Each structure stands twice: as structure tokens, then as C-alpha cells.
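Visitor: following is a predicted model, sequence given first.
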Amino acid sequence: MSGRFDKITDINPSKEQWKLKVRVIRLWKQRNFQQSHLGENVEMVLLDEHGGRIQATVRASLRIKDSLKEGHVYIFSTFGLSLNVDPFRPTTHDYKIVFNPRTTLSLVHDSNISKYGFSFVDYDKILSQTKENAFLVDAIGLLSIIIDRKETTKDGKTLKMITFELDDLCGKKIKCTLWEEFAEEMICSLEANSNRPIIFVIQFAKMKFWKGEMGISNTKFNSRIFINNDEIPEILALKGRIPMGEESSGQILSHASSITYSLDEEFLVASIRKTIIEIKDCQDVVTCVTLAEITHIESTRNWYYKSCTTCTTGVVSAFGIWYCRKCEKRLKNPRIRYCIQVRVVDETDAASLILFDSAVLGCLKISASELHDLQLKRGGDPEKYPEELDVLKNRKIIFRVNIKKQNINSFEETAYHVGNMCCDDNIILAFLNSNKPSGEENSHIGDNEDPPNDAQSSLKRSFNCEFMEGESDELLQHSSTKMKKFIKIEKD
């Protein structure tokens, strides 16, 4: 049956008659400015069962254009060819099909032709380009970090833009920028997929420099994007390659499970602001940022806890074996993570905050595991308050605070969990100089950590800290600031 039809890769001007069975994998309308009075041409990308792709043009004056639908399979014959010299070419074929009044078509059904016809390129091919290529490319990757997001106004119209990083899970990363409705779709998807990995596909993307590095971006007409579309085998395959069960995979999974913003985006744009008194008065479950100074570090609580190496949940010990109740996994060597309770103050009030691993790492630049081992090398008690924590003293820090139901419903003052914090002086200065009004939009930013649990064990000076899945009322009740012993940090 397939022998009746020509291959797209064989098409050239050497003869007049060609017969193709193809799927229209992309269709868009585009005005020919030299003949704008005639209306919009129909542009298509055609795919055959062998994977060949070619662009086709149907002039606005041809009635056949109204019969064509994206995704359908057709048999085409009697058409012309021209050189493909478009500025952004969705195929690498030298020629382009040009429909004429004699062109015939018939609608058929054929599942042997791919629905999407992706032709993914290796990131190295994109990164190695020294100039912006005329050919459009397909790319797939795990969204790992949001780099920039902004709105601009042009001709009275608000334009949205978002730039993020894609990871191919093979050690290479590229930048991708989306504009207008593509940016809108991505922003909506970030909100809808805040608690799971995002696998992103862009088809027919153009290569563009971004701050001196080659990346990709959408075009106005050709491009289309797919986000966590489980109908696409390549997306399912990449999801299956996200490493699980290894400690080294924690950073990738953390970025994947909750989108990570750049620091200035996270603390200056993407969160609402509240003072400490506003946080205490808040009756909504919300995430906000606040600028405050650490005045005390509590010494009656462990400064770390032992967690699962797959997730961030605390583990329990039985007969020398550690067990994660969330993953239902046994392990010999759990991971050491930060869990530090501090007192902070601003011009309105004071409060207790609990700082977790990723938040502390951003300021200390040393992992809890490394600090634990350093304590042992000194010959000291690893549970003893380490002097390295003193770098947090008497500094203004921006905290991303999670206001939970337990905080709102408790009759006593409870400690608030911190998802992240910023010690960058330039960002803090920008925070102080800006005057963004408080509001409820863009208030939820995904947390990179599951808080440790089983509060009764966590409150004891025991090396075998026990934490269970979830943020229990009990944990917050016992985090009361009443009758606590603090290390007072005196100012010089």
C-alpha cells in the first residue's frame, strides 16, 4: 500500500507528478503582505509515515484551503514546488509544496502516520550555534527553574514574557523564552502543576540568543507547546527517567515537584508582602514574604533532623534500621537536614520561624550533613549548637513564610514554617526601596520541602529525632514561644 505514494524526502523539481499521503501536523494562517488584499494564506507542515516533513502553502484565493484541518490525514496530488526561503522554516526540506487550482485531495484515515511528528534535537546542537538559525527545532525537557518573568506594554497592549531553564536529564540545559499566549499558557500550567514535575515540549521553536547564550523561543505563527501531555510517548519516557530513590536526585526532584523562581523573582515579584503583625493577624492559608532580623536561635531543639534520601520526610529508627513512612522505604544512612527554630523581629512585632534545609543552605553555603561531620571531627557533640550558625545573627533577611491552618487555629503563638529565605544584600535593598502594595495574587509558590513531623520526638534533645508525614497540629502546638530557652545573640 505504501508503495503507491511518494516519500517526502524524495520530492524535488525533477518531475511534475507527485502523490503523497500525509498528516497535517501544523496549520496556521499567515498574510502575504505583497498580496494582502487577497486575504490570508494557509501554511502547513506535512508528515508522511516515514517521518519526512515538508512545508506547504495554500494561497488565499484557493477554495481548497477551507477543507484542510490540522491533525487530519490526506492524499495530495498535482501540486507545484518552490524553494523554501521563509525566514523561519519549520522543516529542513529544500523545497516547499505550493497548492494550485489543479491540486486534488481526499481525506483518509491512517494511524501509521505519527500524530505529532516530533523531531527533537540534542541540546548540544542548539548550544553550539553561533548565529540564530533559520530552521525551527523541536525540544523537550524537564522544567527546572524560572529565570525571568515580566510584562511589557507595546502599542497599548500588555505583553507577557517568561524565561525558564530546561533540563534534558543528561547533564545539559537550555534557556527557553515564551511570549504572549504561549507565556500565558505556561503561567497557568505552573499554577496547575505546582506539586509535580513539568515536562515541557515545544515544537517549531526558533533559536535565539538570550544574554549571550543560545536558547530557544516561540515564533508568532508556527510554534506550539505541550505541557505534561501523557498522550505523547516522549513525555512519558522522560518522566520515567527522572531519578528516584537516590540521594543525588533530590535537587532535580525538588525543582521538578515545585517550580523554583530566581531569587529576585521569588522575593520581589512573585509573593505578597506582609509584616510580622500582618502575618499573625492573617486568617488565610497563604504564602508571603517578610523582612525581619534574627535575634535569637533556640538551643532546646535539635538544629537538624534525619530524613529519607528520596523525599524530605523525617525517618524513624527501629533496631538500627531507619524507615520512611511516606516512601515505605528502609535505609541504612539517612540524610541530615537543617531544622532550626529562630526568633525574628521587625518594626511591628516578633515571631518564631522554623528554617528548613533549602532555606538555610542559601545563606550558610554548607550542608547540614557537612556541618554534622565537622562537629564530629572537632570531637564535640554533633547535636550541640554549631558556631557556624552565628552567621545568621543580627542580619536582615527576607523570609518566605507559609501561613498554615494550624497557625490560624492555634490559641497559642506558633512557629511559622519558612520555605526559603534570601540573604542577598542587593535584593534586600531592592525590597526596601520598592513599594509593592500587599495583595492576594501570586501568593502561592511551591515549597521545596516537606516539613518534618512527629513533634514530640522533635522537641527532645534526642539524636533519634522522629518525624512523620504531614504538618500535625501537635508540632505547631509544641512550637509555642512560651517558656523556651534561647541563645541570645548580642550585637557588637
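Guide: Nice, I can see it.
Visitor: burial measure for Arg273, as a count.
Guide: Per other Cβ atoms under 10 Å, the neighbour tally for Arg273 reads 19. (C-beta placed from N, C-alpha, C; glycine too.)
Visitor: separation between it and Leu353?
Guide: 16 Å (Cβ to Cβ, to the nearest Å).
Visitor: cool, Ile297 as well?
Guide: Ile297 is 11 Å from Leu353, by Cβ to Cβ.
Visitor: look at those two and report which has more neighbours.
Guide: Taking other Cβ under 10 Å, Ile297 and Leu353 do not tie; Leu353 has more neighbours (24 against 21).
Visitor: now do the phi/psi pair for that one.
Guide: phi -130, psi 150 (degrees, to the nearest 10).
Visitor: pretty sure it contacts Ile397?
Guide: No: using Cβ atoms under 8 Å, Leu353 is not in contact with Ile397, being 9.7 Å away.
Visitor: now do the shared contacts for these two.
Guide: Common neighbours of Leu353 and Ile397, using Cβ atoms under 8 Å, 6 or more residues apart in numbering, are Val344.
Visitor: lowest-pLDDT helix or strand in this protein?
Guide: The helix or strand of the chain with the lowest confidence, counting by mean pLDDT, DSSP states H and E, is helix 455-458 at a mean of 32.
Visitor: and Ile297, what element?
Guide: Using DSSP states H and E, Ile297 sits in strand 286-298.
Visitor: no wait, Ile336
Guide: strand 335-345.
Visitor: partners of that strand, with directions?
Guide: strand 286-298 (antiparallel), strand 304-307 (antiparallel), strand 350-356 (antiparallel) (DSSP bridges).
Visitor: run through the neighbouring helices and strands of the longest strand seen in the chain.
Guide: Counting by DSSP state E, the longest strand found in the chain is strand 137-154. On a contact count with 3 or more Cβ pairs under 8 Å, 6 or more residues apart in numbering; DSSP states H and E, strand 137-154 meets helix 123-127, strand 157-167, strand 173-179, helix 180-192, strand 199-210, helix 233-240, helix 250-257, helix 263-268.
Visitor: 7 Å instead?
Guide: When contacts are defined as 3 or more Cβ pairs under 7 Å, 6 or more residues apart in numbering; DSSP states H and E, strand 137-154 packs onto strand 157-167, strand 199-210, helix 233-240, helix 250-257, helix 263-268.
Visitor: in stretch 92-99, which residues are buried?
Guide: Buried residues in stretch 92-99, counted by 16 or more other Cβ atoms under 10 Å: His93, Tyr95, Lys96, Ile97, Phe99.
Visitor: on that earlier part again, just say which of the strands paired with strand 335-345 is most tucked in.
Guide: Of all the strands paired with strand 335-345, strand 304-307 has the most neighbours on average by mean count of other Cβ atoms under 10 Å, namely a mean of 27.
Visitor: tell me the mean pLDDT over that one?
Guide: For strand 304-307, mean pLDDT rounds to 88.
Visitor: CA-only coordinates of it in CSV, if you can.
Guide: The C-alpha coordinates for strand 304-307 follow below in CSV (Å, rounded to 0.1, in the frame of the first residue of the first chain):
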residue,chain,number,x,y,z
TYR,A,304,18.9,19.2,62.3
TYR,A,305,16.8,16.1,61.7
LYS,A,306,17.4,12.8,59.8
SER,A,307,15.4,12.4,56.6
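Visitor: low-confidence stretches in this protein?
Guide: For the chain, applying pLDDT under 70 flags the ranges 1-3, 33-38, 152-154, 194-195, 243-266, 270, 318-319, 435-492.
Visitor: buried set for the strand holding Ile336?
Guide: By neighbour count on 16+ other Cβ under 10 Å, the buried set for strand 335-345 is Arg335, Ile336, Arg337, Tyr338, Cys339, Ile340, Gln341, Val342, Arg343, Val344.
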